[in-house]
Structures are given as C-alpha cells and as structure tokens.
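**Student:** have a look at this fold, sequence not included:
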C-alpha cells in the first residue's frame, strides 16, 4: 500500500476536530445546558451491582420514573447514613426488576417499590422492554464493558455535548420534527429539554430553567394527557389482575424468606393526572389489594399530612425542593411504622 | 473488546506505545500475544481456554502432519485436528441447532422426545479462528507451505487481535512471515492505519449503528403487516447496515494492524458495485469466499467435472457458507439463494465485462484515472450501472432471509415488498426513511465510483487539506453519534 498523501492532513484533521468539538461544547454551555448522564443500561447495571451491600448499609429502590424524581438521594443518604441504590426505570413496570431481585439469591436487603398503577399493573410487553434490556445487559456485562463504563464515568459528566437524547446525531435529527405520515406511532415520548436531568447516582430532576418555563411544563402535561390515546387497553381486572398480584406476592415472599424486606410506595401525582388515575385504578381494587395479597407495608402519599399537599408541577413528578420534603417524610414514616433501622 | 469502545481506545494507545519502545522483537511479539489474549478475555475470560486448545492442537498436529511420511498416521493426525476444530465449532455453534432438528425429526416419526434446551454460549469469533487454524492444518496435510517454526509465532498468527474475532480470515503465508522479522509502522503506515481505523469506525458507528440499525430493527422486528415503503426501507437499511457493520470492522482491523506495521488482506471491495454474483463474491467477505473456494469448492471438484457437477459444487459450497454464518435454516436459505443466483449466472453466461481485478493486481491505467470525483462517461452509466443495480436489488432479497428470525417473517416481508397488502399501518417515521434513502443512495454511488480503486489511493490524489477535512468530518460525526460499544453483527458468527 504505497501512498504518499501528506502527513500534515493528520495535524489538520486533529485541529479541526478539536476546534469543532470545542465550539459545539461552548455553544451548548452558553445555552445553559448542563452535563448529565445517559440513563441507559450501563448506568443501571453499575447500580444493580451494588445491591449486595448489607441491609443496614443500603436500601434498593425500584419503580417507574416518579421515584427517580421524588426520592432525593442526597437527603436520604445524609439522614439515614445509608446508601440509596436507585434501580427504577422510566416508563416501565417494576415487576420485572422485582422478579430479577427475587431470582437473585444473594439479594437479601431492604427494597422500596414505587407503584404507579398504570405501569405497575400493565401487561403490555412495552413496559418490561427497557428493564429486560437493562437486566440482560447486567447479567451479560463483559469485563470490557465494565472498563468502558469506568472511563465513560470520567468523561460524561464533564461534557454537555454527550447528552444523547438531544445532542447526539440521532437526537438532533429527531428534533427536526419532520412531519410523519398519518398513522405513524413515534416510539418514546418527546419530552422537552430540562425535564429529565440525570446524575451518576441515577437521581433525576427537573432543571430550574424547565420549572420557570410554563410552555415546557404544559408540553409535558399534554404528553401525559395523550398517553391514554397511545395505549387504549383498559386497566387490567379479574383473573389477569389476580395473576399479577400472585406473581408479585411470590417474588416478594422469596425475598422475605431469605431475610429481605419489602415496602410499597405510592408516590404523589396531581391535578387531572391524579383524577384519571383514581378513576382508572380505584385504590380499593388495586393499591389496597396489592398490600392485602402481599402482606406488605404500603405508604400512600395521600394518607400522610406531610406528603399529601405536595404538588407535581407537570402533574406526575416532584420538583427538587418537594422531593427533599417527600424523602424526609418517607424516612420518618419508615422509622415510625416499620422496624427498619434507618 | 470492540473497536468502538473507550476500552479499546485505551488498550490501543498502550499497545502503540509498547510496540514502539526499544524492546527486542521477541518481547514485542510476547506483548502482542498477551495483548491479544487480554483483548479476547475482555469479552468472556473462560473461553480463552478454547483458543489455547485450538492453538496447541493445531501447532503440534500441523508440525507432525508435515514431517510424517506414513499415510495412515497422517490421516489419523488430520482427523484429530478436524475433530478438535470442527468438534468445538459444532458443539458451541451448532449444538442447539442439531438437537432442535433431531427433536423435530423424532417428533415427526412419532417419538415423544423433549430434552431440556441446552444453554450454550457462543464464544466470540469461534467461526473465524476455527477457519484460520483449519486452513493451516489442511495446508500442512497437503504440504502447501512449511510449518510455523515457533509456538509464539503460531499463537500470534491465530490470536493476533485485529483479525481474531471477525476476520479478515488470514492464511499462514499472509501473516506468519510478518512475525519472523522486526516490524514497526512507518509514519506513512501509521497515518494510513489511523485513517482506515477512522473510516472503519465511521462506517460502523455513524452509518450502521446511528443511521440505519434502528430502521432495520423496527422493520424486521415488526409483528404484523407492513406497507411497501416500510418493507423496502427496512430491507435497504439492513443491506447498508450489514455492509457498513462488517466492512467497517474489517477496515478498522486492517487499520489497527497497519498502525503496528502488519498488513492484513482486503476483505471488501465495494461489493454493491458488483456486476453479477460471482463478481459480488469477489468483493464481499473476500477472505471467506476465497477460503470456501480453496478449501471446499476446489476439493469438491470445482468446475473440472462438467456443468452438472459444477452446479452441485456451487450449491454445496454456498449452503455450507450460509450455515457458517449462523445455526439456523434461514442462513442456509440465504446461502442457497446465492448458490442459485451463481448457478443461474453460470447457465446464462450472459455477456458482461470481465469483473474488475482484485486490488493489487489492478492494471495501472484504471488506478491512475481514479479520483474522488471521477469522470463518469455516459457509456459507464448505462448498461453496467443498471446491471450492478439489478445485482444489488437481487442481493437485497437474500438479506431478507439472512436477517429474518424465521421463514414466516421472511415470507411476510417479501410479500410486503412485492405484493399488495391491503390496508397497513405505516411504521417508519419520515426522518427514518430519509436517512435510509440518503445513506443507501450515497453508498451505491460511492461503491460505483470506487469500484476499481481503494481509499488510500484516492486519498493520495486529494490535496492534504481535503484529506484533513474529510477525516475530521468523519471523526466529528463519530463523536456526535454517541453510539459506542455496540457489538458487531458478525461477532455472533
């Protein structure tokens, strides 16, 4: 392979790449975008590997997106002095994760399960797809993937441009919002930037910029309102519901049989979203039945004065300030009403 | 370890430094060997034992085969090596498939047999390194080349990390002599290697993973009727994805080896510019097709025993080639369809220009007239281009079997491509269709433009600033894609 193209093109390429990347990064920072973490299987698997800490040193959280916003990990850790391992996955049912932990005989710790009824009692394969991928990734993770994550951990929180949802090539192309043919169902929900900022500990929160921008908040509210149109299946009832509850009971019992402890949480929601949830999933038929079948302690936000006046700005998740209040409230309740040593 | 990961970047930088330190050649080779084992073990450490087993058996059996004069003993040695290599491949790759088919036959005969489903993990790259060691054994048996003198050189030949998990499939004479004397990349080789590595990663990360894979996955994973546009977009997306994924790996592997001063054989030569199917197989996965030709087709008799036997030999070769890709009947169908194409082409023997020679033996005038924006004379745009386009479209049909999970899925997709489906719900977004349209069109144009030359030769004709800009554009797009660490499709083969 004898070729003679000048080597100074290597230097030119390097200069251009460094220049382009730097300009892009500076431009994004000037738009007040902050670096965060991609909440993908790599980050989830990193946390999943931590569940084997002794139960007096760590508590595991599974659920959907609400607990990722509503649990303030820093508050939990500073008050209890124990580690909060966040394994909840956005838009998913925690039943898949519960089964994974139940199957893992080495897990004997404390587990808090966030219940968002529309997802928890959902039978659609879509709600278990992301957890399945994450669990599969964790169990098949190679030494090379672990090493890559260790390097990524150093780079990702330092560069805004590595925000995959908005500033990757596909993120940029998707946000061109080119109209689709009638009938095309777009996978995923098109949340505005700032709605979900995720950190290395998998804490998710809304940015202050987002909270100040009613247009963006209203956009998220409209997305929640559109969900019933996307998923027209009625709430699960009858034998199908019984089967779900028995499966949950089986998994909970397996964890408890080996010394683990399980508590269910109903995190806050507000406004029309809460009304719709109460109508579709009446408490007596779902939440109360879940606790009765599993014989577990449950903490429903509406039962406690400290929690029931918290308001979700976009009807489904708490802002950081209220997440701190919610977390403190949960710790108090757990201390008073369970024998958990926190 | 995959090339498109942070781990590999760190690993490769360390390797480049170590390889350029003033150690003796033996120490450098030991470094390379240890690094190759780390490269492989970073995927699944226990499977390194298989690699060692294969290396040890073939080194000693190969030596014995070469010196042994007793015919009977030579035959026994050959069988030992074949059982060792093919036995391992059969167990890990075809174990479940064979059992599944055995159960199916039993059930068809009325025997109620339902064994537990075996949970066999496929070691990465087993098909590739098995073929590498197999050709050494056969060469030794036929005394085509001399045995490798040292175990270190042989181990490095089998394990050399750039080609280990997904080829190119190397032959002993292509690589072993390069280990015999000290090698270090010149500045030009290093720059060439880095350019090829960048190009390979660009093909894999940007084109295959970022722009095409989601569309292919959506269409091939769709349960239900598909419309004409969705079906064709999905199949075209996969046609592009499989090329960019595999050719991307080969290009990166060649680039990585070149950075260390070693030359690996070409594996792809703009296959979608092929005019006809024999031309396609001279351009697609060249090292596999030449392996199958030399170690299967020719020993079967090739085209030396009349037309009918030639057709049979082509079909056997292509069916086995299909099965090599995966333990599923859809892969066999893919190979079979290519076999039928080749037989039909041979039967028709239509008048077409002779296929372009493999690079290296290309006539000078062809190369000298090549440039990034070459002249496209009108005559070149008519018949030949249309024939290449027809070849591509027929190859797209074979990809339907290659990518579909079952024959039912494949038929459903083919029906959507060629027959009216009635009312269907559109699946793909407009942006997905645009991405496929642009990438596949550009791919076909580039393949046609580049069909008689190579990237490095074209780079040599462009001004330095031009190479710098194109190179930087590829790097920026790789960084922007953020699709690191996705596995390569051919790892599963």
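**Tutor:** Nice, thanks for sending it over. Worth saying up front: this structure is predicted, and the values here are computed from it rather than measured. Numbers count the residues shown, from 1 in each chain, chains lettered A, B, ... in the order given.
**Student:** check what contacts stretch B:249-259 and list those residues.
**Tutor:** Contacting residues not belonging to stretch B:249-259 are listed as A:1, B:3, B:12, B:16, B:160-163, B:166-168, B:185, B:189-190, B:192-201, B:203-204, B:263-264, B:266-268, B:488, B:490 [Cβ atoms under 8 Å, 6 or more residues apart in numbering or on different chains]. Where C-beta positions appear, they are placed from N, C-alpha and C, glycine not excepted.
**Student:** ChimeraX command for the buried members of those residues?
**Tutor:** To isolate the buried subset of the contacts of stretch B:249-259 in ChimeraX, counting by 16 or more other Cβ atoms under 10 Å in any protein chain shown, use the following:
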select /A:1 /B:3,12,16,160,161,162,163,166,167,168,185,189,190,192,193,194,195,196,197,198,199,200,201,203,204,264,266,267,268,488,490
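**Student:** return the subset of the contacts of stretch B:249-259 lying in helices.
**Tutor:** When DSSP state H is applied, the contacts of stretch B:249-259 are split such that B:12, B:16, B:161-163, B:189-190, B:192-201 fall in helices.
**Student:** also near chain A: which of those, exactly?
**Tutor:** On the criterion Cβ under 8 Å from any Cβ of the partner chain, B:189, B:192, B:194 are the entries of the ones in helices among the contacts of stretch B:249-259 that sit beside chain A.
**Student:** please, which helix or strand holds residue A:84?
**Tutor:** Under DSSP states H and E, the secondary-structure element containing residue A:84 is strand A:83-86.
**Student:** direction included, what does that strand pair up with?
**Tutor:** Strand A:83-86 has the following sheet partners, assigned by DSSP bridges: strand A:58-62 (parallel).
**Student:** now the residue of the stretch 51-200 of chain B found nearest chain A: how far from residue B:468?
**Tutor:** Minimum separation of the stretch 51-200 of chain B from chain A (Cβ to the nearest Cβ) falls at residue B:191, amounting to 5.3 Å. Noted for residue B:191: a distance of 11 Å to residue B:468, by Cβ to Cβ, to the nearest Å.
**Student:** between the two, what contacts are shared?
**Tutor:** Shared contacts of residue B:191 and residue B:468, defined by Cβ under 8 Å, 6+ apart, are found at A:9-10.
**Student:** is it correct that residue A:265 falls within a helix?
**Tutor:** No - counting by DSSP: H, G, I helix; E, B strand; the rest coil, residue A:265 is not found in a helix; it is strand.
**Student:** now for residue A:305, how many residues are close by?
**Tutor:** 7 (other Cβ atoms under 10 Å in any protein chain shown).
**Student:** before we move on, what about residue A:293?
**Tutor:** That count, for residue A:293 with other Cβ under 10 Å as the rule, works out to 15.
**Student:** cool, residue A:105 as well?
**Tutor:** Residue A:105 has 9 neighbours, counted by other Cβ under 10 Å.
**Student:** next up, the contacts around the one residue in the stretch 201-350 of chain B that gets nearest to chain A.
**Tutor:** Of the residues in the stretch 201-350 of chain B, the one nearest chain A is residue B:210, at a distance of 5.2 Å by Cβ to the nearest Cβ. When contacts are counted by Cβ under 8 Å, 6+ apart, residue B:210 touches A:168-170, B:481, B:483.
**Student:** any weak-confidence spans in the stretch 201-350 of chain B?
**Tutor:** The model of the stretch 201-350 of chain B has pLDDT under 70 over residues B:349-350.
**Student:** and it, which residues reach chain A?
**Tutor:** By the criterion of Cβ under 8 Å from any Cβ, the positions of the stretch 201-350 of chain B lying close to chain A are B:206, B:210-211, B:214, B:218, B:258, B:263.
**Student:** now with 6 Å, please.
**Tutor:** When proximity is defined by Cβ under 6 Å from any Cβ of the partner chain, the stretch 201-350 of chain B lies next to chain A at residue B:210.
**Student:** you'd agree residue A:193 is up against residue A:166?
**Tutor:** Yes - taking contacts as Cβ atoms under 6 Å, residue A:193 lies within contact range of residue A:166: 5.4 Å.
**Student:** run the chain-centre distance for the one helix or strand residue A:252 maps to.
**Tutor:** Applying DSSP H and E as the criterion places residue A:252 in helix A:238-257. On the basis of Cα atoms, centre = their mean, to the nearest Å, helix A:238-257 sits 23 Å off its chain's mean C-alpha point.
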